[in-house]
Each structure stands twice: as C-alpha cells, then as structure tokens.
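**Q** Got a predicted structure plus its sequence, pasted below:
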Amino acid sequence: METSKVLLGVLGGVAVGTVLGILFAPDKGVNTRKKLVDQGMGYADNLKGKINDIKQEVTNKYDSLLGDAKELAKKEV
C-alpha cells in the first residue's frame, strides 16, 4: 500500500474520531463548535506542512537529477 494512502487514511480516521468524540462530549454547543474549528485549523496547518515537505523533497530530487543529467551530458560531449 502506498505511504500517501496510508497517511491519508490515518489522518481521515483521526479527524472522524475527533469530531465524533467532541460531538458526544457533554459541553455547550458554542464550546463544541469552537473546539471543532480549532481542531480543523490544526489539521489544516499540519497538512500544509506535510505538503510543503513533500514539495521540497520533490524539488530537491528534481534538482539533483537535473544536475546529474547535465554532468552526464558533459561527459558524453
């Protein structure tokens, strides 16, 4: 199974579990909604960080491959 699918499944499960836990917790509706928004913002920030990490990793690999290709082209000439 691909790592991205596993990560997406885990994040989805955590999100659903958190929402259900908060909804069934004995608290006022205003407090519950605030908790949901805060938790959602936390997940969004976490996801943005992961996306930026993946983007940086892809950029680094691309730059490395491009450098290797240029070196190989120079050797062939």
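**A** The structure has been received and is ready for your questions.
**Q** use CA for all of it now, contacts and neighbours both
**A** Fine.
**Q** could you point out the longest helix in this protein?
**A** helix 29-76 (DSSP state H).
**Q** what about that helix, average pLDDT?
**A** The pLDDT scores in helix 29-76 average 89.
**Q** Now do it: which elements does it pack against?
**A** helix 3-24 (3 or more Cα pairs under 8 Å, 6 or more residues apart in numbering; DSSP states H and E).
**Q** Now do the buried residues in the helix it packs on.
**A** Along helix 3-24, these residues count as buried under the neighbour rule (16 or more other Cα atoms under 10 Å): 15, 19, 22.
**Q** will you turn these into TSV that also has distance to residue 76 and pLDDT?
**A** As requested, the buried residues of helix 3-24 are exported to TSV (distance: Cα to Cα, whole Å; pLDDT from 0 to 100):
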residue	distance to residue 76	pLDDT
15	53	84
19	59	80
22	63	73
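**Q** Run a quick neighbour tally on residue 43.
**A** Neighbours of residue 43 under the rule other Cα atoms under 10 Å: 15.
**Q** What distance do you get for it to residue 65?
**A** Distance, residue 43 to residue 65, by Cα to Cα, to the nearest Å: 33 Å.
**Q** Residues in contact with stretch 9-16: which ones?
**A** The contact list for stretch 9-16, computed with Cα atoms under 8 Å, 6 or more residues apart in numbering, is empty.
**Q** Pull out the CA atoms of that stretch and give them to me as CSV.
**A** This file holds the C-alpha atoms of stretch 9-16, laid out as CSV (Å, rounded to 0.1, in the frame of the first residue of the first chain):
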residue,chain,number,x,y,z
GLY,A,9,-6.4,7.1,5.8
VAL,A,10,-4.8,7.7,9.2
LEU,A,11,-5.5,11.5,9.1
GLY,A,12,-9.0,10.8,8.0
GLY,A,13,-9.6,8.4,10.8
VAL,A,14,-8.1,10.7,13.4
ALA,A,15,-10.3,13.6,12.1
VAL,A,16,-13.5,11.5,12.2
